[in-house]
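1. I need the structure of the sequence given here:
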Amino acid sequence: MEFSILIIDRNTTYNISKSVTSMTLESFIEGQAGKCTLTCDKTQINANMGSMIEVKVGNIGMFKGYLFNESFSNGFETELTFYDQLRYWKYSDAISMSGLKLHEVFYKLCKIMGLNYKAYNTTRYVLPAKIWSNATYFKIWEDYQDLNFISTNGYHIIRDEFGVLALHEVQYLFNNTVKKYIISDTSLAKDYEFSRGIGSDTYNIVKIVNENSETKKRETHTAQDNNTIKQWGRLQYFEKSSEELNSAQLKKRAEDLLKVKSRVFNSLDVELIGNADTLNLRVGDGVIMGISDLTYVNLYGKALVIEKIAHKFNGGRYTVDLTLMLS
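-> Residues are numbered from 1 along each chain as shown. Down below sits the predicted model:
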């Protein structure tokens, strides 16, 4: 594979393509910035914090981001850590929003931070007004994404595509990529680990309290799954609604939350032998699971969404670690 790894520091450009000994490119479906960690000959570079990196493999733009950390000790190698534009979503702010749709929230947050962005899918649901006094942009997005998902069942993600923050609706993205990638134990798959359980976000009782600011009356609605209560015991989720909800809206929110939370959470991690095709894999893309052992848990032949991905280059070895979304 032919690498192009450039670091642009003010008026100086360092071409470290030949001096990089290892590199990992990580990205996540939500809540974290994409990350590039590499080791290289420290005598070949003296870049300032905030310097930009561009990583290409062949003609594929793999990563564009900014230098946040450097560390080295004895020897000639240094470790550099770069993050993509989503790193700036970690910062806190005081923001109020009203009458916006989810894609418009995305536009507004990107504009505030002066980031490059593009929406591949737009949304129709008008979100309720909300005020945040000290919240990260990740938190603001998560709050509105959850409301949109519960109300419309549409799940949207943001990923940095070589310097442009891109908004995608996962089902649309999935349908356009799933036919391209089949993970088979006779070809790509190197190793895997499957687990399942009722974890920290599993609940079979949802209780929501809403206090009317004018009447000062408190209304409570509870939704519960009696079948799983018998199986797992009582796992209760409590929420004090910050919105002015009427009785019907309160009931619907509790029932919608129960649908999301009353389930077994499964996880599947797969290590792949990388090739020219896997270079294009990104979070949100779809793959078909062809590992025969997974017939036991009814996953063989299933189409799954990539939740987390790490492209790892170490000398002449290229592997890909995937975490896949399971219902």
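2. where does pLDDT dip in this structure?
-> 179, 212-215, 242-244, 327 (pLDDT under 70).
3. in it, what residue spans correspond to helices?
-> 102-113, 137-152, 170-177, 226-232, 247-261 (DSSP state H).
4. how about a markdown table for those, with distance to residue 21 added?
-> (Each C-beta comes from the backbone N, C-alpha and C, glycine too.) Shown next, in a markdown table, are the helices of the chain (distance: least, CB to CB, whole Å):
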| stretch | distance to residue 21 |
| --- | --- |
| helix 102-113 | 34 |
| helix 137-152 | 32 |
| helix 170-177 | 31 |
| helix 226-232 | 48 |
| helix 247-261 | 44 |
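5. nearest to residue 325 among those would be which one?
-> helix 170-177 (8.7 Å; CB to CB).
6. now do that closest one: which elements does it pack against?
-> Here helix 170-177 touches strand 156-160, strand 286-290, strand 303-314, going by 3 or more CB pairs under 8 Å, 6 or more residues apart in numbering; DSSP states H and E.
7. ok, now with 10 Å
-> Contact analysis of helix 170-177 by 3 or more CB pairs under 10 Å, 6 or more residues apart in numbering; DSSP states H and E lists strand 156-160, strand 165-169, strand 286-290, strand 303-314 as its packing neighbours.
8. now do stretch 114-124: distance to the chain's middle.
-> 16 Å (CA atoms, centre = their mean, to the nearest Å).
9. list the contacts for residue 252?
-> Contact analysis of residue 252 by CB atoms under 10 Å, 6 or more residues apart in numbering lists 150, 151, 221, 223, 245, 246.
10. the third one: how many residues sit nearby?
-> This means residue 221. 20 (other CB atoms under 10 Å).
11. how much space between it and residue 255?
-> 9 Å (CB to CB, to the nearest Å).
12. shared neighbours of the two, anything?
-> Counting by CB under 10 Å, 6+ apart, the residues touching both residue 221 and residue 255 are 206, 208.
13. now which of the contacts of residue 252 would you call buried?
-> 221, 223, 245 (16 or more other CB atoms under 10 Å).
14. okay, the residues you listed in a markdown table with distance to residue 230 next?
-> A markdown table is the format used below for the buried ones among the contacts of residue 252 (distance: CB to CB, whole Å):
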| residue | distance to residue 230 |
| --- | --- |
| 221 | 22 |
| 223 | 16 |
| 245 | 30 |
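15. inside strands: which ones of those residues?
-> The strands, defined by DSSP state E, take in 221, 223 from those.
16. rewinding a little: so which of the helices of the chain gets nearest residue 89?
-> Once the helices of the chain are compared by CB to CB, helix 137-152 is nearest, at 4.0 Å.
17. list the contacts of stretch 93-102.
-> So stretch 93-102 is contacted by 104-109, 112-113, 119, 121-137, 139-141, 143-145, 147-149, 152, 154, 156, 167, 169 (CB under 10 Å, 6+ apart).
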